[in-house]
Each structure stands twice: as structure tokens, then as C-alpha cells.
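[1] here's a sequence, model it:
(one chain, ligands or ions: 1)
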Amino acid sequence: MALIEVKVPDIGDFKEVSVIEVLVKPGDTVKAEQSLITVESDKASMEIPCSHAGVVKELKVALGDKVAEGSLVLMLETADAAGVAQAAPAAAEPVASVPAPAAAPAPAATPVAVSVASSAPAVAAPAALPAHQPGTPSGSLPHASPSIRKAARELGVPLAEVKGSGFKGRITLDDLQGFVQQVMAGDAQTAAQKAKAPTAASVGGGLPGLLPWPQVDFAKYGPIERKDLSRIKKISGANLHRNWVMIPHVTNHDDADITELEAFRLQLNKENEKAGVKVTMLAFLIKAAAVTLKKFPEFNASLDGDQLVYKEYFHIGFAADTPNGLVVPVIKDADKKGILQISQETAELAKKAREGKMSPADMQGGCFSISSLGGIGGKYFTPIINAPEVAILGVCKSSLEPKWNGQAFEPRLMLPLSLSYDHRVIDGAAAARFNVYFASLLADFRRIVL
Ligand code: COA
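    Sure, this is the predicted structure:
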């Protein structure tokens, strides 16, 4: 029997790192190479293994301590007296961040190429997850890299309950995400038994590594009033959140010259004064969108697993601002309707929306959406795609701008366009072409009939 000092080995470029996890406690029997603590720098986290087998007699570090090469980690009682002489810290041996074998060839710190945003405190465990107390492991430790342990800690996931699918049963990020998703779905036991890789489409429930939402006592700083979100805001908020997180979207900005179109619209309104239908810019945008979608069918499609569903109808939604929040009524078969009819239908639907009288049928079946802030202002924005659609066009307020006509600058009425698209379905070049074609229709509306 001998009492030896176990120290932090050579940990490469890391001069001073924080102890973020203590994996053993006095009285624990540890094997050689077993991880004792996890340390974290601003770039990576790594485990410090034990140089010998033995029994932990005394811990010399605690959570939050700063350690460096040579720092004392713990006192270990070993059975092997001969080992005492060799109880020097082993040199660091970096290993890749892919699941490593359960036992490293030599006791060495195990840096993992995980990006660590900061040394902020661990994220509080979501209420639905079983509580997990870092630093108080029970029984044998599951095999997992420091990055996985860190993610598990932040999510409050007890790693002992997660089934590893990696090499020698090592727990992978997919295993962790699968577990979290199943627990969130209310089936912790199944999760523990069947942890499995989530599909790309289902990732998004658990986002390891995110900081908790800031909790601020606003009343400390001044008077406040609390109001429940409206029903529409709750529903649209959840949809917007999902769409923002799950769709890899890009926005392409362009301008359309609507000088002649606006003059035409004003003329039509003068002629139609008595008819009572106001011809709106939105109606031209909806009509032009239907025609552009015919030319670019992938914009009139939806993703369904590995398939793209091309729609042969052209139903265009438009965002309508109401006192209770945003709704998206749909103009059905916009390709088959004239500008007057579309103007009338949008006015009726917008009125219904503001009065809270929309039926589900008024909002269903959309293929593509337009969000027009033209009557309000702004220049460009990044509208969120209305899933399962794959693109949305944002339109802002038109303004007179000097444009070079080859001989001189002349004032032209320019309409800012912002097309957000699902990059899984639509390439950047196609989006640019869509905007260019759409703008060309607005610049000369006669092209609509070509
Ligand atoms: N540029 C400059 N002026 C514009 C314009 C544009 N792109 N679009 C409309 N206008 C002007 C119109 O000429 C009109 O002016 P007027 O009253 O002097 O005639 C005024 O703005 C109102 O336009 P109108 O055509 O009556 O309504 P609209 O088509 O602009 O808007 C809705 C109808 C339903 C789209 C609109 O009420 C709405 O709710 N917009 C907000 C949508 C939204 O919140 N989107 C954000 C989603 S993230």
C-alpha cells in the first residue's frame, strides 16, 4: 500500500484551466486511466485521467478551481508500491473528438475539439428532465467524451441512463439528443432503453450548449405591467420559432422598378372610383408571384422527407397585420384571377382578419407567401418562411431613386424586395433569378401575358 499524489499531466497549450466537473469522491475505487476531473479552457474541455489504480483518499481540487500542469488533483492509495516511483504525470496525448476507445493507450488528458462559448454556469435542467447532480457520480461512469458530458450536464441528462451507440458503447451526441427528445415527449424510460439517433428533420427539440433564458426582475428597475400573449401570438410564435430554427434560410434582396406600374394602378383607381374596388399594389404582387412560380416550380413546392412535392395550383398567402397578431389569409388560384378580383379578395380577407372572423379554410392551402410592409415603411427585411412552403417574399415601401438611363439620372419608383428561401430546396442562383424575373414583370406588367 502506498499513498501517491495524482497531478495534472502535460495539457499542452493550456496554462490555467477551470475544473468544471469532479468525477470521483473520497472512497471511490478507480482504475488506471479512469477520468478524475474535467477541465475547461475557453477553447476546449478535457478529462484528466488517473495515473494508477487505487482508492481515492482525499480530493485536492473542487469545482471552479483553476489548475495547470503539475497541480495536485487527489491523494490515491495504491496497492502497487512499485508504482509509486513512477507516479509522475503522464504526457498529454491529444485524441480526436470522434468517439474514442473506452481506454486510452496511456493516461493522458483528453482534449476534445468542442467549441465552448464561455465558462458560464451550467444551464438549468428543463423541468421535464430528470435531475442530475454534476460531481456526484454513482457506480461506474458511462463512456462519453468531455463535450458530451458537458452537453449532458447542461441539459441535466443523467448519462448513466443514456444508451451509447458509439464504439464500445460510447455515448454520442445523437444518443444524447435522442434521449432528450424522448424525455421531452414524456417517455423517459423508453428513452433510457431506446436512445437512438434522431433524424435530421427532428433535431431541434434540445439545443445543447445554449445559455438559459435571462431571468430579470424588471420591477426592480421601474413600474411594469404583465399581459398574456394573444392566442394568435402564441400560435404564430410557436410556428415562427420552428420555421426559423428548422429551415436553413437565406434572403435575397433586390429592387423592382414600379414607376409605370404605380402610374397604371393610380389610373385604374381613378377609372374605378365608382366601382368601389381599390386596386392595390399587393394585388399586382400576388399576380406576379403566381406567374413567377409557374416559371420556377421549385418555389411552388414543399419538402416531404426525401421528396419534393410540386404543386400545380397557385395559392398565394399574404401576411395581414391584425390587432391580435399576424395571420396569413390565402388567395386561391391567383394565376386564374384578374387584378380587380385579387384586390377585392385581399381587401375582404384583410377585413375579416382584422375583425377576427377568419375561418381555417381562409388560411389553408398556401403555396407561397407575400409579406408587404409597403404601406408602413422600411427598406428590406428577412421574412420567415411559412412552412411547409419553401419561400416568402417580403416587400417594403417604394421610394423615388435616381437611376441612370444611359444618358442621365432620372427619378424611378423602386420597390425593395426580400426573398427568403429554403436553401435545402432552392439554390442561391435560382433565388436571384426568381427576384430578377419577378422584378421584370413589375417593371413591365405586359409580360404577365407572355
Ligand atoms: N410602397 C409604397 N406605398 C405602398 C406600398 C409600397 N410597397 N404598398 C402599399 N402602399 C401604400 C398604398 O398606396 C396605400 O396608400 P394610400 O392609402 O395613400 O392609397 C397604403 O400604403 C395602404 O396600402 P393598401 O394597398 O391599402 O394596403 P396594403 O396592400 O399595403 O396592405 C395588408 C394590406 C393586409 C397587407 C396590410 O394591411 C398589412 O397587414 N400589412 C402588414 C403585413 C405584415 O405585418 N407583414 C409582416 C410580416 S413579418
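[2] tell me the residues of this protein that contact the ligand?
    Residues of the chain lying close to the ligand by C-beta under 6 Å from any ligand atom are 280-282, 318-321, 326, 350, 371-375, 383, 395, 397-398, 415. Heads up, the C-betas are built off the backbone N, CA and C, glycines and all.
[3] for the closest residue to Leu59 other than its chain neighbours, helix, strand, or coil?
    Distances taken as C-beta to C-beta, 6 or more residues apart in numbering place Leu74 nearest to Leu59, at 5.0 Å, with adjacent residues excluded. Judged by DSSP: H, G, I helix; E, B strand; the rest coil, the three-state class of Leu74 is strand.
[4] just the ones of the residues of the chain next to the ligand in helices?
    281-282, 350 (DSSP state H).
[5] separate out the buried members of these.
    281-282, 350 (16 or more other C-beta atoms under 10 Å).
[6] just put these in TSV and tack on distance to Arg242.
    TSV is the format used below for those (distance: C-beta to C-beta, whole Å):
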residue	distance to Arg242
Met281	30
Leu282	26
Ala350	25
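[7] got these as CSV, with pLDDT columns?
    Output for those, formatted as CSV (pLDDT from 0 to 100):
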residue, pLDDT
Met281, 97
Leu282, 98
Ala350, 96
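[8] Ile342: how many residues sit nearby?
    By the measure other C-beta atoms under 10 Å, the count of residues near Ile342 is 23.
[9] wait, Gly366
    20.
[10] residue contacts, it?
    315-317, 328, 330, 386, 389 (C-beta atoms under 8 Å, 6 or more residues apart in numbering).
[11] just for the protein, where's the confidence low?
    For the chain, residues meeting the criterion pLDDT under 70 lie at 13, 42-45, 80-141, 150, 153-156, 167-168, 180-207.
[12] ok and the residue in it nearest the ligand?
    Gly374 (2.2 Å; C-beta to the nearest ligand atom).
[13] surely Phe264 and Ala443 touch.
    No - using C-beta atoms under 8 Å as the test, Phe264 is too far from Ala443 to be in contact (11.7 Å).
[14] which among the contacts of Gly366 gets closest to Glu16?
    Asn386 (49.9 Å; C-beta to C-beta).
[15] checking my notes, the closest one in a helix, right?
    No - counting by three-state DSSP, Asn386 is not found in a helix; it is coil.
[16] that one: neighbour count?
    Asn386 has 22 neighbouring residues, counting by other C-beta under 10 Å.
[17] what residues are bridge-paired with the nearest residue to it once chain neighbours are set aside?
    Sequence neighbours aside, Ser369 is the residue nearest to Asn386 in space, at 4.7 Å (criterion: C-beta to C-beta, 6+ apart). Beta-bridge partners for Ser369, by DSSP bridges, are Gly317, Ile392.
[18] next one: Phe409
    Trp404.
[19] buried residues, stretch 353-369. List them.
    353, 358, 362-363, 366-369.
[20] burial of the nearest residue to Val30 once chain neighbours are set aside, as a residue count?
    The shortest distance from Val30 to any non-neighbouring residue, by C-beta to C-beta, 6+ apart, is to Cys50 (5.0 Å). For Cys50, the count of nearby residues is 23 (other C-beta under 10 Å).
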